[in-house]
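Enquirer: A predicted structure for the sequence below; I have some questions about it.
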Amino acid sequence: MHVDEETVMRGGTVAVVGGSIAGCAIATAVARAGADEVVVLERTRGRLQDRGVGLCIHDERGAELGASGALPAGIAAHPLERRRWVVRDDDHGPGGRVIWEQPFPFHSYHWGLLWQGLREAVPDSVRYRQGETVTGVAAAGTAGAEVRLAGGRAERYDLVVGADGYRSVVRAALCPDSRPQYAGYVCWRGNFDAALLDGSGGAADPVPSAVTTVCFAGGSCVIYRIPGPDGPRVNWVLYAAPPQDGRLRLDDPTSFPPGGLTPELALHLAALLDREFPPYWGRALALTGPADTFVQPIYDVETPRAAACRLLLAGDAASVVRPHNTSGAAKALQDATALADGWRAATTFEELLRGYQETRGAAGRDLVALARRLGRAQVERTPAWARMNGAEMAHWWRSQLGGSPGIGGRAMAP
């Protein structure tokens, strides 16, 4: 078969838009796979490692990603073993009543420490340029794709990868009709020094290897330990309907970042904890300082394609999945693995893009669909938790999965 001379892969030049977890993983993957030149364009000038939120990676996904080289060894992680579902019940003491336990084979991470490990693994040949705001991208046929930077400068590359998150500039070019859709509820996030649990008015966290899910009408909250730069921390994510008085702008995925919580929103959160939580867990979450507390609307995005026309999407740029699925970091690292595998096997950029679309396009859409089901069951249409027993909870959980083997993402196809 005749191959257009202009499309033959001869090492190639790659621009990665976005330099966080997905961006670092993609840059490392394509550099190791044989790209001649890799440039990361990160708009932030500050230290991304200061982000303190927690995340989890399923043990099977972690092993798979470690073997592929996408997840470097030595990054601090906290082992988790099971998940406890708890309801407020004053007859069972301040910790509430456990209505169900299930296996939870994950390791938890501190976002900043995971990013730092991935950043340190980026080869020296990659140029990581901070303070570079990409204002637009455009495909240029067999000549590659063009990146437009703030200030008017344009740069051309053989391939442009969007790893630029929720409001991806690259997604806007490749899939202009795919925009973040508000899910109808918000998540409150926070983390605090785990040593403070001893002073929260109850016993220290009784099960450090467990995830505790506090269940209440119209929402739920996931609480677990993560490693931190200065020792273990407790991370929590609380899902609920937003205040109904207009204090939140629901057109912006990052309305109130860490340190930006208003006194009115802080009072709303305090009232929610007091009204719905077992006293121990309500007091525990109240230990979170204002600088470590934030709230954001929940969104999701699915795209009809993940790659075409010398543009490719990875991580949250390709699909925004509600956090219930506990798959975001693993999915980003799997995207990087798939791109590296495709790079080594392909002879043309068109072949590379087709292969990536086939392997990662459906994966993102499946994760979005599962997370929507989880969100409906755990926030939008919560059951009568307190009246359920273990067998009923297990059946309820299977109905959410809808045939999926579990949360945390799926194994990559061999």
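Expert: Cool, got the structure. Numbers count the residues shown, from 1 in each chain.
Enquirer: Buried residues of stretch 84-102, list them for me.
Expert: 84-88, 94-101 (16 or more other Cβ atoms under 10 Å). Backbone N, C-alpha and C define where each C-beta goes, glycine included.
Enquirer: the helices in the stretch 301-414 of the chain, which residues?
Expert: 328-345, 349-375, 390-401 (DSSP state H, counting those that start in this stretch).
Enquirer: mind listing what residue 278 touches?
Expert: Residue 278 is in contact with 86, 87, 88, 89, 94, 95, 96, 214, counting by Cβ atoms under 8 Å, 6 or more residues apart in numbering.
Enquirer: if I look at the residue nearest to it when sequence neighbours are not counted, how far off is residue 194?
Expert: Nearest residue to residue 278, sequence neighbours excluded (Cβ to Cβ, 6 or more residues apart in numbering): residue 96, at 3.1 Å. Applying Cβ to Cβ, to the nearest Å, the value for residue 96 to residue 194 is 19 Å.
Enquirer: got the angle for the helix or strand of the chain with the lowest mean pLDDT vs helix 349-375?
Expert: Lowest on mean pLDDT, DSSP states H and E among the helices and strands of the chain sits strand 293-300, with a mean of 89. Put simply, strand 293-300 runs at 110 degrees to helix 349-375, going by axes from the mean of the first three to the mean of the last three Cα atoms, to 10 degrees.
Enquirer: Strand 293-300 - contacts with which helices or strands?
Expert: Applying 3 or more Cβ pairs under 8 Å, 6 or more residues apart in numbering; DSSP states H and E, one finds that strand 293-300 contacts strand 181-193, helix 263-276, helix 349-375.
Enquirer: elements contacting the second one?
Expert: Right, the one you point to is helix 263-276. strand 233-240, helix 279-285, strand 293-300.
Enquirer: give me that answer again for 10 Å
Expert: Where contact means 3 or more Cβ pairs under 10 Å, 6 or more residues apart in numbering; DSSP states H and E, helix 263-276 is packed against strand 181-193, strand 210-216, strand 219-226, strand 233-240, helix 279-285, strand 293-300.
Enquirer: hmm, back to that, rebuild the helices of the stretch 301-414 of the chain as CSV, extending it with mean neighbour count, distance to residue 179 and mean pLDDT.
Expert: Below are the helices of the stretch 301-414 of the chain laid out as CSV (neighbours: other Cβ atoms under 10 Å; distance: least, Cβ to Cβ, whole Å; pLDDT from 0 to 100):
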stretch, mean neighbour count, distance to residue 179, mean pLDDT
helix 328-345, 24, 19, 96
helix 349-375, 20, 13, 95
helix 390-401, 13, 26, 97
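Enquirer: Now tabulate the ones you listed in a markdown table and tack on distance to residue 113.
Expert: Listed next are these as a markdown table, based on distance: least, Cβ to Cβ, whole Å:
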| stretch | distance to residue 113 |
| --- | --- |
| helix 328-345 | 12 |
| helix 349-375 | 24 |
| helix 390-401 | 30 |
